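[1] kindly return the folded structure for what I paste below:
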Amino acid sequence: TLTINGIRFDVLRSDAQIVQDMIDIDRQFDGRDLTDVAVVLEKNKVMLDYIDKLLGKGAVKKISKTLPELNGLGLGLGGISGILSAIADAAGKAYADSFALKYDD
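    Numbers count the residues shown, from 1 in each chain. Model (predicted):
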C-alpha cells in the first residue's frame, strides 16, 4: 500500500514492474521536445494514466481533491512527476532491498 496526502492506495504493480514502467515512459519521451506544449500534454496524459493504472482508477482525481490550492485545475506536470518520482524511488529501494536479501551472502 501507499499513502498520498492521507489517502491509502493499493499498489497494483510489483516493485520491479514499476521500475520498468518508469524506464519505458522515459524512453517513450527520450529525445522529444519537452518545451513543445503538445509533447508536454501527451506526457502529462501518459503519466496521469499510469498513476491510475498503478493506484487504481480514480486515484488522480482523489489526489487532486486533497490539493485545494489547485482550484480544480488538476495536477501539473511537476506534481505528477513528483508523485511518480517518489513512487519510483520507493519501488527501486524496495526492489534492491528484496534482491539483496535473496542473493547477498
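[2] the protein: helices as residue ranges?
    Assigned helices in the chain, in chain order: 15-29, 37-55, 59-65, 77-103 (criterion: DSSP state H).
[3] let's have the ones you listed in TSV, adding mean pLDDT.
    Converted to TSV, those look like this (pLDDT from 0 to 100):
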stretch	mean pLDDT
helix 15-29	90
helix 37-55	91
helix 59-65	85
helix 77-103	78
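[4] closest to residue 1 out of those helices?
    Judged by CB to CB, the one of those that comes nearest to residue 1 is helix 37-55, at 9.8 Å. The way it works is simple: take the backbone N, C-alpha and C, and place the C-beta from them, glycine included.
[5] which residues touch that closest one?
    Contacts to helix 37-55, defined as CB atoms under 8 Å, 6 or more residues apart in numbering, come from residues 2, 4, 9-13, 18, 21, 25, 28-29, 32-34, 58-60, 63, 75-77, 80-81, 83-84, 87.
[6] mind listing what's buried in that helix?
    Neighbour counts using 16 or more other CB atoms under 10 Å place 40, 43, 44, 47, 48, 50, 51, 52, 54, 55 of helix 37-55 among the buried residues.
[7] related to what we said a few turns ago, now the buried members of the contacts of helix 37-55.
    Among the contacts of helix 37-55, those that count as buried by neighbour count (16+ other CB under 10 Å) are 2, 4, 9, 11, 13, 18, 21, 25, 59-60, 63, 75, 80, 83-84, 87.
[8] list just the nearest of these to residue 103.
    Of the buried ones among the contacts of helix 37-55, the one sitting nearest to residue 103 (CB to CB) turns out to be residue 18, at 19.9 Å.
[9] show me the contacts for the closest one.
    Per CB under 8 Å, 6+ apart, neighbours of residue 18: 11, 54, 87, 88, 91.
[10] returning to what we had before: which among the buried residues of helix 37-55 gets closest to residue 101?
    Nearest to residue 101 among the buried residues of helix 37-55, with distances taken as CB to CB, is residue 54, at 23.8 Å.
[11] farthest-separated two in the contacts of residue 18?
    Considering CB to CB, no two members of these lie farther apart than 11 and 88, which are separated by 11.8 Å.
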